[in-house]
Structure formats: structure tokens, C-alpha cells
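Enquirer: how does the following fold in three dimensions:
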Amino acid sequence: MQQIFTKHVFDEYKENHVIKPQMDGFNDPTLHDFLPLSFSSVIKVEYREEWFEKEFIESFRNAAKVLADAGQQAVNVANGYPFPKFSYALPMLYMTRHCMELALKRAIRKFGGTPGTTHNLTKLWSSFQSRLPSRNNRICEDRRTIKNMGLFVKEVSTIDDTGFDLRYSKDNVGEYTQGKWIWVNAKEVPNYLDQFVEQLESINTNI
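Expert: I've put the predicted structure just below:
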């Protein structure tokens, strides 16, 4: 008989210890161990689409901020620069990229468009822009804002345009997806993400 594992660390799995369909009221002794997966699931049906869209966008935006803060704390020492063994930047930038994708899809739907199932950030940005007035018919502030948002999209998409390269270490042909040394600003990423989401939320759909 052969031993599969060199050690056994996985505990006995107990039903409802990880996921529970409901709590035993607010007096449930495990209440503070759990988080609601989605508040939108209890919203009235006629309002759910709006709530779900916003909840997913805000949840990924908040997760990016939390990871950015944790990454900054990991390297914020008095002397030198400690390199964490594992990356905070990978999941932070993934959360950022996915949040941008969701925000763009929401903006496209606001204009009556159908973003479809694509995850391609560049294509979504182009689809969004195609619904805006032509460049010559935009006020100066709009032109400047669209340009700066586009630069943010372009920079993030060079790291991961489709949502694949920040999730997997190798691509379909065996190349490392993040094989180049790159620095990611943990202060500025969530800052620009906040602005990106809020800018898209301020769209005037009557143009």
C-alpha cells in the first residue's frame, strides 16, 4: 500500500462550517465568523439587476484597495525594502482589471448596448467610446478625461487584456504570463480605479 501524501493537514470537513444557507438569527454563535456572499440576493426582483451590477463592481474595487493597503504595509519598513515572498500586486491588479471590465460593461448597457461575454478590456473600451459623440463634438474637458481614462485602460491591458494573464502563471503555449520584472504602484492603482469607476457612473446617457 502506497502513501499518497507526505503529510496530512486537511481537517475533517464539517457541513455548514464554510458555507451556510442561513443563520440561526442574530444570536447565532457563529454569526461573526461568516460574511454574506451577496446582499443583492435579498433585494426585490425589479431592483436586482442594478444592485447586483453595483455590488460586484464595488466589491472588486474594495478588494483591490484592501490588497493595495496590505502590500504597502508589507514593504513599509524603516530601513531597506523587504521583498515579500509572494505578490500582493498580482491579485490587486487582477481585482482592478476585473472591476474595470464590469464598470465598462455597465456603462455600455447604460447606452443601450450589449457588451456580450467578452472579457477583453481593449474591445470593451472601444465599444464604450463608439457610443460617445465624435471627438470634434466633445467639450475640451470630456476629450481630456476620455484620453486619460484610455491611457489607464491601455496600461492595465498591457499586463492583462483578457483576465487570463493575472490568474495563471503560464499561457496556452507554456510561456510565463508575468515573466518580465514590473513594478506596480500600490497607491496609484486604487486611486485611478476609484476615479475610473466614478467617472463611468457619472455618464450622461442623454447625449
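Enquirer: please verify my assumption that residue 186 contacts residue 84.
Expert: No: distance between residue 186 and residue 84: 11.4 Å, which falls outside the contact criterion (Cβ atoms under 8 Å). Bear in mind the C-beta positions are built from the backbone N, C-alpha and C, glycine included.
Enquirer: next, show the common contact partners of those two.
Expert: Any residue near both residue 186 and residue 84 by Cβ atoms under 8 Å, 6 or more residues apart in numbering counts here, and that gives residue 71.
Enquirer: so between those two, which is more surrounded?
Expert: It is residue 186, of residue 186 and residue 84, that has more neighbours when counted by other Cβ atoms under 10 Å, with 24 against 11.
Enquirer: what backbone torsions are found at residue 170?
Expert: Residue 170 has phi and psi values of phi -130, psi 150 when expressed as degrees, to the nearest 10.
Enquirer: what's the burial count for the closest residue to it other than its chain neighbours?
Expert: Closest residue in space to residue 170, ignoring its immediate chain neighbours: residue 176 at 5.9 Å, by Cβ to Cβ, 6 or more residues apart in numbering. Taking other Cβ under 10 Å as the neighbour definition, residue 176 ends up with a count of 11.
Enquirer: residue 176 touches residue 165, doesn't it?
Expert: No: under the criterion of Cβ under 8 Å, residue 176 lies out of contact with residue 165, with a separation of 9.6 Å.
Enquirer: what about the residue nearest the centre of the chain, distance to residue 184?
Expert: Central residue of the chain (Cα atoms, centre = their mean): residue 95, 2.7 Å from the mean position. Taking Cβ to Cβ, to the nearest Å as the criterion, residue 95 is separated from residue 184 by 12 Å.
Enquirer: cool, residue 52 as well?
Expert: Here the criterion is Cβ to Cβ. By it, residue 52 lies 29 Å from residue 184.
Enquirer: again with residue 205
Expert: In this structure, residue 205 lies at 33 Å from residue 184, with Cβ to Cβ as the measure.
Enquirer: comparing the two, which shows the higher neighbour count?
Expert: residue 184 (16 against 9).
Enquirer: and the residue nearest to that one when sequence neighbours are not counted, how many neighbours?
Expert: In space, not counting the residues next to it along the chain, residue 184 is nearest to residue 89; the distance is 4.1 Å by Cβ to Cβ, 6+ apart. Residues near residue 89, counting by other Cβ under 10 Å, number 21.
Enquirer: same deal with residue 109?
Expert: Other residues lying near residue 109 total 13 when counted by other Cβ under 10 Å.
Enquirer: list the residues that contact it.
Expert: For residue 109, the contacting residues are residue 115, by Cβ under 8 Å, 6+ apart.
Enquirer: and the helix or strand hosting residue 190, which residues are buried?
Expert: For residue 190, the enclosing helix or strand under DSSP states H and E is helix 188-201. Along helix 188-201, the positions that meet the burial threshold by neighbour count (16 or more other Cβ atoms under 10 Å) are 189, 190, 192, 193, 196, 197, 200.
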